[in-house]
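J.: The following comprises the amino acid sequence and a computationally predicted model.
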Amino acid sequence: MNKQESLIELKPLVDKSREIVEGHGNRDEKLQLICDLLDEKVKIFDWTGFYLADPEADRELVLGPYVGEATEHTRIAYGQGICGQAADTHETFVVQDVSKATNYLSCSMHVKAEIVVPVMKDGEFVAELDIDSHTRDSISEEHREVLEEICDIVAELF
Ligand code: SME
């Protein structure tokens, strides 16, 4: 897939996410619809979910809506794994080969690549979008660009 094709395929996901955010339902229902959308439309996405900053805990993520295999990582401390590092640094993490990552929490032996995008609201970390792929080296710059746009829109829900 070349860059132009992939952006043409991916850009409608931004508009669709905006429709979901502005549509009916509560926050969890909307986050679930966005997970379902990304899972359905992007072949290389094999687990898609949101972790939320738990307001009742000290620097801890709690698993929110997701689609894919159940995970044992329902709570993750900031700093732990790829998810915890994104929560700490507020930066997007792209790992093309999880076997080479030193601070990584495994959810399934099938996962080969992962992207985690923070959701920032008024400069504060509120949540993150975590996506796993069963294909090594599969996460493109276009995926990152589109997912970051979607997370900017998702921030309106917080
Ligand atoms: N791999 C993540 C843990 C979450 S699961 O992928 C759903 C990490 O290293 O933080």
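T.: Happy to help now that I have it. Keep in mind that this is a model prediction, so the values were computed, not measured.

J.: looking at this, Leu52 is in a strand?
T.: Yes - according to DSSP: H, G, I helix; E, B strand; the rest coil, Leu52 belongs to a strand.

J.: So what sits opposite it in the bridge?
T.: Beta-bridge pairing of Leu52 under DSSP bridges involves Val62, Ala127.

J.: surely it meets Tyr66?
T.: No - between Leu52 and Tyr66 there is no contact under C-beta atoms under 8 Å: 11.2 Å. No exception for glycine: its C-beta is placed from N, CA and C like everyone else's.

J.: Can you list the low-confidence ranges for this structure?
T.: Per-residue confidence for the chain (pLDDT under 70) gives these ranges: 1-5.

J.: Can you pull the residues of it lying near the ligand?
T.: By C-beta under 6 Å from any ligand atom, the residues of the chain that approach the ligand are 47, 71, 73, 76, 81-84, 104-105, 107, 114, 130, 132.

J.: Three-state assignment for Val116, please.
T.: Assignment for Val116 (three-state DSSP): strand.

J.: Distance check, it against Glu124.
T.: As judged by C-beta to C-beta, to the nearest Å, Val116 and Glu124 stand 17 Å apart.

J.: show me what contacts the residue of the chain found nearest the ligand?
T.: Here the chain gets closest to the ligand at one residue, Gly81, 2.6 Å apart by C-beta to the nearest ligand atom. For Gly81, the contacting residues are His73, Asn103, Tyr104, Leu105, by C-beta atoms under 8 Å, 6 or more residues apart in numbering.

J.: Thr48 too?
T.: Taking C-beta under 8 Å, 6+ apart, we find Thr48 in contact with Cys35, Leu38, Asp39, Tyr66, Val67, Gly68, Leu129, Asp130, Ile131, Asp132.

J.: quick one: contacts of stretch 109-117?
T.: The contact list for stretch 109-117, computed with C-beta under 8 Å, 6+ apart, reads 46-47, 82-83, 85-86, 92-99, 104, 128-139, 143-144, 147-148, 150-151.
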